[in-house]
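Visitor: Here is a sequence with its predicted model. Questions after.
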Amino acid sequence: MRRLLILSLNGDPLGDLGTEHAGGQCRYILEVGKRLVLHDWAIKVFTVQNPGRATRQEITLDFDVLRVPLQNGAPYDPETTYAQLDDVDQHIMDALVREPAPDVILGCYWLSALVGLRIAARLQRRLVVSFTSLGAYKRVTGMSPFMDLRLESERRIVREADHVIATNHDEAALLLSFYGIEERKLSIIPRGIDLDVFRPAR
Amino acid sequence: MSSVRPAELLFVGRPVPEKGLADLLAALSQLRHLDWHLTVIGESPPDIDIMMLETAVTWLGCVTNREVARIMSEQDVLIVPSHYETFGVVALEGLASAMLVIVSRTGGLKTLVQDRETGFHFRPGDVADLTRTLGYVIENIGELTTIRFNARAAALRYGWDEIVRQTAALLARNA
């Protein structure tokens, strides 16, 4: 059995879809995770703990979500979480001491990947990143000091991560042209869909 | 209209401005002369005023994934008016459900949906362009069955089995 550590600070795989921070990334982690377990992977997901959520929850056998509290029980928010990344990082490392070491780390979204870089370095493991959303797309809605910080962080992640998954050719082209990723570190794997669930009416 | 019932329109998205719900409502306010009904899935954004449209809008809030699938299978048109979208899984769900999918021409949406082959494009944030495109689809809804068929066919290559096989192989190479 291989062990996968997924970092998804911004999106809880069991979050209520359609709320502010529960969208396609949550669905992706949930659906991929359930199927990777069948490929003999054991999975731990770390996410920020939102109010009312348990600190640990089993999704299926060998697929657990562990929630990291922010100071004062604050719910997830990008800027609040960024300001507390040191605490988040330490909380995850402390929790990992009690768990079998992962074989590989998957960081989803830039904040998760920033923590992933630190944990990968300490555990001497490789970090794979799926950005889900890139600042280079989002900047069309307006720039801010935090967006500058995000773009700078994403460039660093692209330089230092071991591999990056783009979901389509457009994202891959942006990673090459705007972020300067080395082509050898880039793969395209789209998001998927359950074709038995999403189908036309009979 | 070739249909005897209103065109059933659907928006699915998180309550954030970049998902473009305000653009969709602005476009629909220009299409009052057509027969349509809009269903919205997702939390209500705090900055949206639907008072002037409310009789033609049903707000469902958050629902389960299976409920989204059931609703999609019963609706005609999915509108994804995001100002940007890295991939756009909701559009993929609409394609798989053989809906008529209208997307803003941005990011992953523009490659996921082929304009006038598997769905329709409009310029991101351009309410006039969305109004034209949506008006065309509503008025011709009964004549667009080939596009619905193409949409489902295009979605077939995104089944989880293949995606997970690729993902598992990539992770194993990095383990």
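Guide: On my side now, so go ahead.

Visitor: now the chain, which segments are flagged as low pLDDT?
Guide: No chain was given, so I picked chain A. For chain A, residues meeting the criterion pLDDT under 70 lie at A:17-22, A:140-142, A:202.

Visitor: oops, I was thinking of chain B
Guide: Within chain B, the stretches with pLDDT under 70 are B:1-3, B:45-54.

Visitor: Would you state the strands of it in chain order?
Guide: Along chain B, the segments classed as strands by DSSP state E run B:7-12, B:36-41, B:57-61, B:77-80, B:100-104, B:120-122.

Visitor: can you check chain A too?
Guide: Ranges of strands in chain A, per DSSP E, are A:2-7, A:41-48, A:56-60, A:63-68, A:104-108, A:126-130, A:163-166, A:186-188.

Visitor: give me every residue that touches residue 136.
Guide: Picked chain A for this. By CB atoms under 8 Å, 6 or more residues apart in numbering or on different chains, the contact set of A:A136 is A:L151, A:E154, A:L174, A:F178, A:Y179. Quick note: C-beta positions are derived from backbone N, CA and C, even for glycine.

Visitor: Hmm, no, I was thinking of chain B.
Guide: Residues near B:Y136 by CB under 8 Å, 6+ apart: B:F120.

Visitor: Against chain A, how distant is it?
Guide: Noted for B:Y136: a distance of 22 Å to chain A, by CB to the nearest CB, to the nearest Å.

Visitor: Report the central residue of chain A.
Guide: Residue closest to the mean C-alpha point of chain A, counted by CA atoms, centre = their mean, is A:C108 at 1.9 Å.

Visitor: doesn't A:L5 make contact with it?
Guide: No. Between A:C108 and A:L5 no contact is recorded; they are 11.3 Å apart, counting by CB atoms under 8 Å.

Visitor: if we can go back for a sec, of the contacts of A:A136, which is the most crowded?
Guide: A:E154 (22 neighbours; other CB atoms under 10 Å in any protein chain shown).

Visitor: From chain B, how far out is that residue?
Guide: Counting by CB to the nearest CB, the gap from A:E154 to chain B is 12 Å.

Visitor: what number of residues lie near B:S29?
Guide: If you count neighbours by other CB under 10 Å, B:S29 ends up with 12.

Visitor: Kindly compare burial across the strands of chain A and name the winner.
Guide: Of the strands of chain A, the one with the most neighbours on average (mean count of other CB atoms under 10 Å in any protein chain shown) is strand A:104-108, at a mean of 27.
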